[in-house]
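1. Pasted the sequence and its predicted model underneath.
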Amino acid sequence: MEENLQTGRKLRPVDLARAHGLSTQAVRNYEEAGVLPPAARSENGYRAYAPGHALALAAFLALVPGHGHATATAVMRAVNRGACDEAFRLIDLSHAQLAEDRRTLEAVERALRDLAPAPGTTTATTTATATDPLRATDTAADPDGAPEPEGATGGGPGGRFIGPLARELGVRPATLRKWEAAGLVRPRRDPLTGYRVYDAAAVRDARLAHQLRRGGYLLEQIAPLAEQVRAAGGLEPLEAALGAWRARLSARGRALLAGAAELEAYLRAAVK
């Protein structure tokens with residue numbers, strides 16, 4: 001491969017640099033890093049590049065937007081030492097990561113759609129009052145596993161204790177405590193009893209966590225999204241963020257295609 005890349009007219013470092021808006025030092029650094037194959041040397045020690053080096057540089061710069069600098073460097077190093085299978089493995093990993101990111105976005109969008117209340121309904125269907133039958137019969141409502149005391153109001157209309165909310169979601173109260181510890185849900189405490197009270201925002205966060213957990217996502221993957229929902233003040237402001245996320249994924253997919261095209265051009269020249 002290296003012998004084929006050395007054929008053709010000779011190019012100076014500045015020729016490669018100008019073609020891509022780089023410094024000549026950057027070109028030399030890329031050669032030392034293995035992104036470019038070694039250049040031939042003139043009798044006086046000056047580097048003499050060939051069109052194949054220009055293709056290698058173009059391939060590397062096209063790979064960076066889709067794969068990132070580290071992976072693009074590793075791909076070019078593998079190609080230049082003849083380990084194309086390793087290069088293709090690295091490329092596959094980037095495509096697999098993009099596919100996983102798309103699945104995550106789709107899961108988030110599904111979860112948010114499921115959280116949207118139907119017309120004419122409210123999210124506070126089970127309030128924490130002494131007359132609530134779910135609250136009155138729940139026996140694992142507090143961190144100590146004790147039921148809420150009779151007469152506790154839950155901190156106001158629309159608030160829920162842990163037991164009724166756990167029943168609604170079909171999870172154990174311990175699961176809600178685990179989500180709280182992971183930062184997914186932030187219930188407040190009743191000032192009189194000290195028991196957890198889930199207001200409308202906390203119920204929303206619990207539903208979101210529940211949907212994503214059902215989709216197989218880890219707590220540490222859900223926590224940043226829950227924080228984003230809280231920062232946005234609800235679900236509606238996230239529509240723009242999700243649209244931007246989708247656009248970034250599409251741009252990354254196109255960048256992967258562009259990088260593949262330039263790399264293929266380099267590989268074709270190398271095997272001629």
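-> Yep, that arrived.

2. Output the below-cut-off pLDDT ranges for the stretch 101-250 of the chain.
-> Scanning the stretch 101-250 of the chain for pLDDT under 70 picks out 114-158, 215, 235, 237.

3. And the strands in it?
-> Ranges of strands in the stretch 101-250 of the chain, per DSSP state E, counting those that start in this stretch, are 188-189, 196-197.

4. any chance of the ones you listed in TSV, with distance to Pro37 and mean neighbour count too?
-> Backbone N, C-alpha and C define where each C-beta goes, glycine included. Listed next are those as TSV, based on distance: least, Cβ to Cβ, whole Å; neighbours: other Cβ atoms under 10 Å:
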stretch	distance to Pro37	mean neighbour count
strand 188-189	63	13
strand 196-197	63	26
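
5. Quick one: those as CSV, columns for distance to Leu249 too.
-> Shown next, in CSV, are the strands of the stretch 101-250 of the chain (distance: least, Cβ to Cβ, whole Å):
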stretch, distance to Leu249
strand 188-189, 36
strand 196-197, 37
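
6. Nearest to Pro224, out of the ones you listed?
-> Among the strands of the stretch 101-250 of the chain, strand 188-189 comes nearest to Pro224, with 22.0 Å by Cβ to Cβ.

7. Each with direction, which strands does that closest one pair with?
-> Strands adjacent to strand 188-189 in the sheet, as given by DSSP bridges, are strand 196-197 (antiparallel).

8. ok, now how distant is the residue nearest to the spatial centre of the chain from His69?
-> When the chain is reduced to its mean C-alpha position, the nearest residue by Cα atoms, centre = their mean turns out to be Asp101, at 5.6 Å. Taking Cβ to Cβ, to the nearest Å as the measure, Asp101 and His69 are separated by 18 Å.

9. Give me the buried stretch members for stretch 93-112, please.
-> Neighbour-count burial for stretch 93-112 flags 94, 98, 102, 104, 107-108, 111-112 (criterion: 16 or more other Cβ atoms under 10 Å).

10. Gly234 and Ala87, how far apart?
-> Distance check for Gly234 against Ala87: by Cβ to Cβ, it reads 45 Å.

11. For these two, indicate the residue with more neighbours.
-> Ala87 (22 against 12; other Cβ atoms under 10 Å).

12. The more buried one - nearest residue in space that isn't next to it in sequence?
-> Sequence neighbours aside, Ala78 is the residue nearest to Ala87 in space, at 3.9 Å (criterion: Cβ to Cβ, 6 or more residues apart in numbering).
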